[in-house]
Every structure is written in structure tokens, then in C-alpha cells.
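K.L.:
Sequence first, predicted coordinates after that:
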Amino acid sequence: MTREIFPRVGCGAVLLKNNALLLVHRKRDPESDHWGLPGGKVDPFETVPQAVVREIKEETGVHITHLRLLCLVDHIAPDHSAHWVAPVYLAEKFEGKPSVKEPNALAGVKWCPLNALPAKLTYATHIALKALYAQNIVAQA
């Protein structure tokens, strides 16, 4: 019997500081050992903006505010039996020093210069970078 796959709702945020992007190093599939935007799953009866604020705080300890929708990521990964739909927000204000708050899920967190990003980036991070450049939020690195 085949298991039915339904799209799931995720969320993420772009945090920029001094021309660097905050990234987390994932330990879990899909995209284990890749660097990506902090974020996670939307809980039932939670708005996406509430979820992204909660997820960033849970993962990194950073409190984000002044959210602006940057893009929508539609990540279909049949090899992982996964389909994620994830709004990605630009956090125009944030406070706190980022650190790993979920060591079972994340191997690291760091500010990565836009002109020296890690080679292994998540799919959502690639889409968000394209949106940052297309909307002239940052200059093409």
C-alpha cells in the first residue's frame, strides 16, 4: 500500500547583518549537512508569521520583528517523500546573539558573508538568495 504524501507548511527567515546572512548547519534530512535559513514547521492553528518568530527563537535564540514576505518556496523532493511549501520572510529587525539552541537538529549557526557562502546550501536558501537579488535588497555577490 502506498503512503499518501501531502504538502506540509514550513517557514524561514532571512536575517542580514553587515552584508552577511545568518545560516544554520542542518543535521537532519532532508538536506542534512547543508547550510540553510533558520526556520521550521508551522504548528496547527498558528499563523505563519507567529511560526517563523517562534522557530527562529527556538533554533538560534534570536528574536525577530518587522517581517516582510520575501518569497514562497515550493520544495518537492520525491526521493525523500516530501513536499514543503514555505513562506520566507525578511526580518528587518532582530535582537540577540545567535547560537545553537537545538543541538539535535543543528550542528552550527553563523553569519556568512554573501560573497563567501558555503558550497552546500539548502534549496530554500537558493530561492531566497534569488529573491534578495531580484528585489535589489542586496547586490549580487
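P.N.:
Received, thanks. Numbering: from 1, shown residues only.
K.L.:
and the gap between the residue most central in space within the chain and Phe6?
P.N.:
Centroid-nearest residue in the chain: Leu37, 2.8 Å away (criterion: CA atoms, centre = their mean). Distance of Leu37 to Phe6, computed by CB to CB, to the nearest Å: 23 Å. C-beta: built from backbone N, CA, C; applies to glycine.
K.L.:
One more: Leu15?
P.N.:
According to CB to CB, Leu15 and Phe6 sit 30 Å apart.
K.L.:
and the two? which has more neighbours close in?
P.N.:
Using other CB atoms under 10 Å as the criterion, Leu15 and Phe6 rank with Leu15 on top: 22 against 5.
K.L.:
Quick check: closest non-adjacent residue to the more buried one.
P.N.:
Leu22 (4.0 Å; CB to CB, 6 or more residues apart in numbering).
K.L.:
mind checking the SS state of that neighbour?
P.N.:
strand (DSSP: H, G, I helix; E, B strand; the rest coil).
K.L.:
and it, how many neighbours?
P.N.:
Leu22: 22 neighbours (other CB under 10 Å).
K.L.:
This protein: helices as residue ranges?
P.N.:
Secondary structure of the chain, counting by DSSP state H: helices at 48-60, 123-134.
K.L.:
ok, the residue nearest to Leu15 touching Pro38?
P.N.:
Yes: between Leu22 and Pro38 there is a contact at 6.6 Å, judged by CB atoms under 8 Å.
K.L.:
got any residues that touch both of those two?
P.N.:
Both Leu22 and Pro38 are contacted by Leu15, Thr60, Val62, Val109, under the criterion CB atoms under 8 Å, 6 or more residues apart in numbering.
K.L.:
give me the low-pLDDT residue ranges for this protein?
P.N.:
Scanning the chain for pLDDT under 70 picks out the ranges 1-2, 141.
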